[in-house]
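A.B. asks: Output the structure for:
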Amino acid sequence: MKRSFSFAFFFIAVFLLRYSVSPVQAHMLKTDTTIGAVIHIDPDDDPYVGVPSDIFFELKDTTGRFRPENCNCVVSIKQDDKVLDSFPLSGHDHATDLSHAAATYTFPQKGIYTITLDGSPVTGGTFQTFSISYDVRVARIAAAAPKPNSNAPLYIFASFLGLAIVCMIVWFLISNKKKSKGLYEKNTQ
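C.D. replies: Numbering: from 1, shown residues only. Predicted structure coming up:
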């Protein structure tokens, strides 16, 4: 009996871990001199053609001298070595803190784009000038954007119900096997 509960607990734990943990998104870390930046592009680091994409940077300085308010940071978007757009980087949600900075850009067509973050100190000597570039593939078209799944709660409920049924069947089979083994032993004595 304890063994069947152990199996049931194991299957439930595996099921919950499988469906409750969010997948990790791929963020790219690049460095230049003492400055490092991690880039994330919504949605899912895989932008759509013709849909505004939020580009986030998390900036770090190994020397601790980088101050966001002292950075003249510019984002450039290039395709085939042609500059398509260039704009100053701003703090996320209109904050002045560039350690979690953001920009928005709409990619006009499929292809490989180079996103470059250039930074220089407003007043000299505080941190080293840096230039960090990322190659980003844009391959999804907005019409192919996934629609929210309105049946997700139904699928989750059905999955739990199915798991419960499987656990009950396993418990039933194990308990019947024990009962039949007990009857067999009584009949042979």
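A.B. asks: where does the chain dip in pLDDT?
C.D. replies: Residue ranges of the chain with pLDDT under 70: 1-28, 91-101, 143-152, 154, 178-189.
A.B. asks: for it, what spans make up the helices?
C.D. replies: 2-20, 152-188 (DSSP state H).
A.B. asks: For N72, the count of nearby residues, please.
C.D. replies: N72 has 12 neighbours, counted by other C-beta atoms under 10 Å. (Each C-beta comes from the backbone N, C-alpha and C, glycine too.)
A.B. asks: so it touches S120, yeah?
C.D. replies: Yes. If you go by C-beta atoms under 8 Å, N72 and S120 touch, sitting 5.1 Å apart.
A.B. asks: Could you pull up the residues touching A103?
C.D. replies: By C-beta atoms under 8 Å, 6 or more residues apart in numbering, the contact set of A103 is D54, I55, F57, V75, F87, L89, S90.
A.B. asks: now the residues you listed: which count as buried?
C.D. replies: Among those, those classed as buried by 16 or more other C-beta atoms under 10 Å are I55, F57, V75, L89, S90.
A.B. asks: Closest to T34 out of those?
C.D. replies: The nearest member of the buried ones among the contacts of A103 to T34, counting by C-beta to C-beta, is F57 at 15.7 Å.
A.B. asks: Settle this for me: that closest one is touching L117, isn't it.
C.D. replies: Yes. Using C-beta under 8 Å, F57 is in contact with L117, at 6.0 Å.
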